[in-house]
Every structure is written in structure tokens, then in C-alpha cells.
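# fold the following, please.
(chains A, B and C)
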Amino acid sequence: MDLLARFLIRLFSTAITLFGVAVIVFTVVRVVPGNPIAMMLPPGATPADIVRLKALYGLDKSIPQQFVIWFWGVLHGDFGTSISLRQPVLGLVLGRLPATLELATMALVMAILIGGASALTAVRFRGTQIETGIDVANGAALSIPDFLWGLLLIIFFGVLIPLFSISGRISPDLQLNFETQFYLIESIVRLRFDVTANLLAHMFMPALALALPLAAIIGQLLKQSLKETMELDYVTLARTKGYSETRVILREALRNAILPTLTLTGVQFTFLIGGTVIVERLFSYEGLGNMAIDAVVNRDLPLIQGIVICFAVIFTAVNLVVDLTYAALNPRLRHA
Amino acid sequence: MTALLEIENLSVALKNGPRLLRSVSLRLDRGEVRGLVGESGAGKSMIGKAVLGILPRSAEVVEGRILLEGTDILTLPPAERRRRIGRIAALIPQDPLTALNPSHRIGPQITDRLVDILGWKREKAEARALELLAEVNISAPARVMRNYPHELSGGMRQRILIASAFAAEPALIIADEPTTALDVTVQKQILKIIAGMQARHGTALLFVTHDLGVVSKVCQSLSVLYAGKVLEDTQVADFFRAPGHAYSAALLAATPKYTDPEGSLMPVGPEVLAAVQAEVDAADREWRHV
Amino acid sequence: MLDGRGSINRRVGARLWLSGGWLLIVCLASAFAPMIAPQDPLAQDLMSGQLPPFWVHGTEPGFWLGTDSLGRDVLSRIIWGGRIALQVALIAGTLTALVGSTLGLVAGFYRGWADRIISRLVDIWMAFPPVLFSILLVAVLGTGLRSIIIAIVVIDWTRFARVIRAEAMNQGAMDYVAAAQVAGFSRQRTMLTEILPNVLPTIVALLSLEMGIAIIVEAILSFVNLSISTDAPTWGGMIAEGRTTIYQAWWVLVFPLIALFLTVLSFSQFGEGLKDRFDPVLR
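From the prediction side, this is the model:
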């Protein structure tokens, strides 16, 4: 199957999944018992005011009708208006998304670095105490979720050895007049490295908390497939050619061992992004997840829908990218 | 003159386990072609692996010396041993289907060692690779260089591996049953190519095989192995005239003859096996005493 | 060979004993909470707020691990909180395993349209951020133990369904399944007698892992103030409170965190240990 056909089929399947997500989230939030209208009424509002407000947000119609109206809007880029913040949902989501993307990407980079380094070290020193130690560390990192890692990091780096900031995205006194919401990238582009350092210091702990479980998975899986690859004939042949063990691992084995890890990393990366919701809350990091919890607490239906759809789009996009990268990296698939 | 390869009293054993090679000694001069013959499990491949430093992790050298151009490679630090082996020796592996890296193109798999280990210029290495591919009868060498292994047949890949083994003009090539994994029709071609290349380049060849017919065609000398012990070390011509060991004679009788393909084949008799096993056991007892 | 197996057994043994031991302690403490807890977990005493643990100067006897801002005994709250955590772990874990494994078995063994529907549902579920989904569900269902359990089952069934489906598919391709079919057993009977026993070790390992996850989900929900009720002693609730007073009274955060940490770690290690022990191939 060629790459384009593969892409189109996956795209179609993704569209169905997203539609399913939309239906479910829409239905679930409609049965919320708390009345969103009641929360936004000024004291002393009349029943007529309630009816008017309900009509304003379209809440007076039946659920299928509401869905059709909302879905039609979504197809045109209109995700409705937030009830609690009284702004267009799309703008709110896009305003917070960059913070979450920067955090998740940073976490992914950390996970790949830590996991990759641990796997390569374990394979380079396989059969020694070093390998056993890495195995034990991976096992522990794997069974502790990001929420717990976050709390442990707060105690270690926030209280015992206060190296990093435990809340927020940037120190309030450092607010650069940002043009975009990609603070990290923008600070680098504008050569304000003091701001970059401040951003990184705020990002370090939440990103590490998100990264550790994924690092453990990458470490374990990559080590396993590297070890299997190291026993293959072409690796043995490469050894006879005079290459060093490190070069044999990096150049002969790594590329072939990385494919199975890549697929799993993709799926696990979506879990990592899902984890930003609670980790952002834990570190008061102003991202999409933090806003999502507020939206739930405030019964802000349009905003909840918008955020869930946004996450779903990211998840499915990640899976799509992984699938295509896998196909592109595997020469057998590419040419067959 | 010092031999190209001299193995003295080499014993390889599984870690905390039995010996796989039992005090093997053999000598290979420059340009010599020696067959290593034995049944499967006789340890013939293990000798090649020991020389090339690619013993499986479960096995280790427990005694003996491997002199490559006069230096005992077992005493060298690992990195230097590897470099030295890489400069002097090369391997033609058994299974061409698994011996090429699936994610690299053919070209770099031949030229990388020339560039990275021997310090050649890439253009020179590529020219050399084209030349060698032509020498092993590959008709479109430039195209093949750009192919991935899975796009080529087993016979093609084995020819590439042969070309690659000769690329750096090593003094010694170890061919580990290079035709076993191939179709019978391809086997003969490959054998011819190896013999031709050896003759042109004057490389010493350690030819691991279970096929005495192959030995009679390609080799000058041979060593017969049983259970990791060298039973006989002789010239090919002498061997086929009069094998020096009862087991060798039985092995020879069990090999189909090209001159008489219909002739009855004798399995190796039980009394011969018992005798040779007794020899092996005696060697083990003696070894444990020292 | 013997050597290698011996060391594996020893390692598995230590892991099982340590994690099992801690879980036993938690179970016993929960079962006998009314007798063990030194104080009433709900009793407030603003006069003795933020008392430090027993080894720090300025403590009061009877409050071993100190008190929180409202003067409630931390140790007693941890013990009572264990009760809630265990209830969630056992009930939610078991129900999730039941629902997820059944769907996974049906999808993996029967294939066809059942598989297509279940797999599509799994795809959709995988596109939800799970934590947000659980928070949303509890917000919809209203706080309380029942809501939390339903939310966990609704969110996490896919974990079982995915793995068991794949295993059932592998098992279904085995010769002994074909043999059972040839022998004339019904599909349903084949699934229960040939497939289920072979995927059971996986289910048990996943179940143990799921119990740890259920505890974490409960803690997260308490952390965002959506658990049982605002003053119920839950580990997550204590952690949320401790997070705000971390610089004045670290013990309010640290002790429930240790309890949570050890319990979650023990559940996952217990599951891994069981799997290694009962995996017929490894054994």
C-alpha cells in the first residue's frame, strides 16, 4: 500500500473517531445537573431573564437540535462562546494551547533523552550491575504516575532543595510584552535568554513529572529491542569490521531497534498530553488543562466541549503522524 | 616465517559449562585455503568466531592463544583487538538474508569500513566498491549500490557480502558455510566466485563447511573436527587418498562422490563414533588434571 | 540455567513479599480503623492547628504525625483515608476488569462486527484525555463514592479491552482452539474453557495495576475537590490541602503522599510479581 492511500484511510478513520468524541462529550455535558445559567445570573434576576439567557446560549432547544447547531458552527470554525469567560471558545483554547504544547513537547524531549540514554547505557553495559540498576529505576519510574511524580518533585525541588519554581509559567515581574503565546520560542527568537531561563525553570518540574513514566517505557522497550538487534547477524558482521561497540550500537542496531519503540512512544505521548491536565493544575501552570478543570467546575459547556475536541484532535494527529513516520522510516514498507 | 594465523591450544567453553573447543591448534599461511570440516555442532564455526572476536556472550576462551600476524589478539585490550581484527580479517557470513543491515543501502555497507576504519576518501571507496561488485558478477553495480537489501535476491546479497569481505584487501577471510543457506543452483556459482576472488587476491581463506565435496574443490589443506577437537590436520590431496583418522575415513565414505553419485553411502558407524568419543573424553580428563 | 531461574525467583519473591506486606498493612489498618486511629479523623480543634509530627519540637502527645490547619489528626485521617482508597481500588478495579476483559474477549475471539464496534469505541475513548474525562464524569454524576467508581470503570475499561483483545486473538489462532472447535464445542464454551484460562494471568496482573490506578484517580479527583465530600478524609484531599500549606506544615502533604506512593507502587509491583510467578512460560 502506498503512503498516500494509507494516509487517506487513516484520515477517514480519524474523522469518524473525532465525530464520536464530539457526540459523546456533547451528550455527557448536557446531562450535567448543575445549571450553568444560574451561575452567571446577577442577583435578583427574574425568570424572564433566565429564559432569555437560555435562548441566548441555545440551551432551550432539544439536545439533538443543539448538537446540529453546534456541529454546524464547529465545521465553520465557530466553537461557541464561553459561558464563564464570555469570550469565543476558539480564541480561549488557542490562547492556552501553546503553553500546553510547549510543556508537552519539553516533556517528550526529556523523556526521549532520559529513556534513550538509559537504554543505550544499559545495552552498552549489558550483563553488569549498571544494567540491573537501570532496570530497577525504570520499573519504579513506570509504576508511579505523573501526578505522584509531580508531588514528589514539589517536595524535593520546591521545599527540600528549592531550586525551581513550583507554580506558574513565568515570574510575574518578568512579563515580556509577548506577541504570541509561544513564550519559550518567542523568548529565544527575541534573544531574551533571561526570560527563557525563567520559563525553563518554571517548566522543569511539571515537564519532568510528565516525562518520567514515558522515559521508563522508552528505556525498557528500546533496551529490549536493542538487545535483540545486537544478536543479529549483520551486527555481528559489523563487529568484525573493526567498529567500536558504541558505534555498532548507534549505527547498526539503533535504527532498526527504534521502530517498535517509536510506535509505542506515539501512543504513550498522547497519555502524556492527557496528563498535562492534572500536572498543570498541580503546578498552577496556565495551560489548556488547567483551564479545562476550571471549565468543568464552572459548568462552562461550550468551553468544555471545545477543549475536549482540541485534545482529541491533538491525540489523533499524534497517532496519524506516528503511523506515517513509521511507514516512512521503514524501508521495507516504503518500497514494498 | 610467522604464520598469518596460528591458533595454539585454544579452548572455548560455555560459562561454567562444558568445552565447545578442546585445545584446538591450527596454522594458516598467507594465501593458504584451509577447510574446517565436521558435523554440525563440531565447533568449526566456533573457531572462526573466536578468531574474529564474536563469540556468543555465553561462551568464553578458557585457554590458548590466537596469533594473528604474530600478535596474540587475546591479550590485546578490546578496542585495539577489534581494530586489529578489522584490519587483517573479514567474514563471509552464513546467511546472506540476515547479514545485511535492512535500514542501510548497499553502498555504505561496503564502503563505510573503508572510509571510517581505513581512512579512505569516499570517492575512492565507492569506486573500489563498484569494481568489486563487478568482479563478483553483479551486472548493474551502480544501481545495486543504491538498493536496500530486501530488494535483492539471496544470491545477490551473498555476492555483495563476498565483495564486501574482500573490499579492504584483508589478509584473511573466514567463510562460515557461505553456501549453506542458498539454493543448490546458486551454491555452485557462489563457490566459483569465492574461489576466483581468492585466487586473484591471494587472500588466505578459512573455509568452514560440512561438505567434503566443497573442500576437494576449493581447499589445499583441511582440519577435521569432532566435538571441538581436531582429529586430523592434513593436505587435501593426502586426505582424499588416505584419510589419517578412522572418523575421517568414515566421513569420507559418507560423502557422495561426484564421480560416482549412485554409489552407496555409508553412515558413520557406531564403533567409529564410540572410539572418537572415547578420544574426546580422554582429552577432557587430561585437561581437567592440568 | 538453574542459576538464572533461581535469581529470578528470588527477585520475584522479594517483590511479592514487600508489596504484599504493605498492602496487608493497609488492609488491616482500614478494617480496624475505628480501633486503631488515635483520634477522630473529623474532629477539628483550631487551637491545635498545624502541630508538627512527634519528633519535632512543639508537638502534643497523641498527634503522632501532626495536625492540619484545622487541627485534625494527620495519622487518623490517613488511616481512615486508606479505607476509602481501598474501597475504590477493590470495587472500581474489579468492575473495570470485568467490563473491559469481557469486551476484549468478545472482540478478540468472535471478531467480526462485535470487534469492529468495540475497537471503534476504544479508538474514540483513546482520543479523550482520561483525567479530564473522569473529572467531567464526576461533575456530571455528582460527587460521592458511587460516582467515582462509575467514572473509573467508564474511563479505564479500554486498558483491559485492548490488551485482552490482542491476547484473545493470539490464543484464538492456536491449534488447541481449532482442536476444541473440531471436537464440536460451542464458540462460547471454547472461549470460556480454552481462551479465558490462558488470558487470566494477564487479567490478574492488569487488575492489580488497575487498583493502583483507581487509587490515583480518586486522589486526583479529591485533589480538584470532586471526591466523596469536602470534609471526608481522603488521601487526595489531604494532599490538596497540604499542597497549599507546604511551606508552613510540610507533614500535611508528605505523610498522605507516602501512604499513596507506597500503596500505588505496591499494587503495580504485586501485579508484576504475580504475573512473573504464574506465567507458565517463565515458571
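# for the rest of this, base every contact and every neighbour count on C-alpha atoms.
Fine.
# okay, and C:W22 sits in which element?
helix C:2-31 (DSSP states H and E).
# next secondary structure element downstream of that helix?
For helix C:2-31, the following helix or strand on the C-terminal side (DSSP H and E) is helix C:33-36.
# what's that following helix packed up against?
Judged by 3 or more C-alpha pairs under 8 Å, 6 or more residues apart in numbering or on different chains; DSSP states H and E, helix C:33-36 is in contact with helix C:74-110.
# the helix it packs on close to chain A?
No - figure legend: helix C:74-110 not in contact with chain A (C-alpha under 8 Å from any C-alpha of the partner chain); closest approach 15.1 Å.
# what helices or strands is that helix leaning on?
Judged by 3+ C-alpha pairs under 8 Å, 6+ apart, helix C:74-110 is in contact with helix C:2-31, helix C:33-36, helix C:112-126, helix C:145-172, helix C:196-223, helix C:235-244, helix C:250-278.
# now those in CSV, with mean pLDDT, distance to B:R200 and mean neighbour count?
What follows is those, written out as CSV (pLDDT from 0 to 100; distance: least, C-alpha to C-alpha, whole Å; neighbours: other C-alpha atoms under 10 Å in any protein chain shown):
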stretch, mean pLDDT, distance to B:R200, mean neighbour count
helix C:2-31, 72, 50, 15
helix C:33-36, 77, 88, 15
helix C:112-126, 91, 62, 17
helix C:145-172, 90, 54, 22
helix C:196-223, 88, 61, 23
helix C:235-244, 85, 79, 23
helix C:250-278, 85, 58, 22
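# show me the strands in the stretch 101-250 of chain B, by range?
When assigned using DSSP state E, counting those that start in this stretch, the strands of the stretch 101-250 of chain B occupy the ranges B:172-176, B:204-209, B:221-226, B:229-235.
# can you put the ones you listed in TSV and add mean pLDDT?
Listed next are the strands of the stretch 101-250 of chain B as TSV, based on pLDDT from 0 to 100:
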stretch	mean pLDDT
strand B:172-176	92
strand B:204-209	92
strand B:221-226	90
strand B:229-235	88
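# distance to B:G43 and mean neighbour count added to those strands, as CSV?
Compiled in CSV, these are given as follows (distance: least, C-alpha to C-alpha, whole Å; neighbours: other C-alpha atoms under 10 Å in any protein chain shown):
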stretch, distance to B:G43, mean neighbour count
strand B:172-176, 12, 25
strand B:204-209, 10, 25
strand B:221-226, 7, 24
strand B:229-235, 8, 20
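# dump these to TSV, plus distance to chain C.
Shown next, in TSV, are the strands of the stretch 101-250 of chain B (distance: least, C-alpha to the nearest C-alpha, whole Å):
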stretch	distance to chain C
strand B:172-176	29
strand B:204-209	30
strand B:221-226	26
strand B:229-235	25
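# mind putting the ones you listed into JSON lines with distance to C:T94?
As requested, the strands of the stretch 101-250 of chain B are exported to JSON lines (distance: least, C-alpha to C-alpha, whole Å):
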{"stretch": "strand B:172-176", "distance to C:T94": "57"}
{"stretch": "strand B:204-209", "distance to C:T94": "60"}
{"stretch": "strand B:221-226", "distance to C:T94": "60"}
{"stretch": "strand B:229-235", "distance to C:T94": "61"}
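# any stretches of chain B with poor pLDDT?
The model of chain B has pLDDT under 70 over residues B:1, B:256-267, B:288-290.
# same thing with chain A?
Ranges of chain A meeting pLDDT under 70: A:1-2, A:32-45, A:175-176, A:331-336.
# if you set the cut-off to 50 instead, what comes out?
Within chain A, the stretches with pLDDT under 50 are A:335-336.
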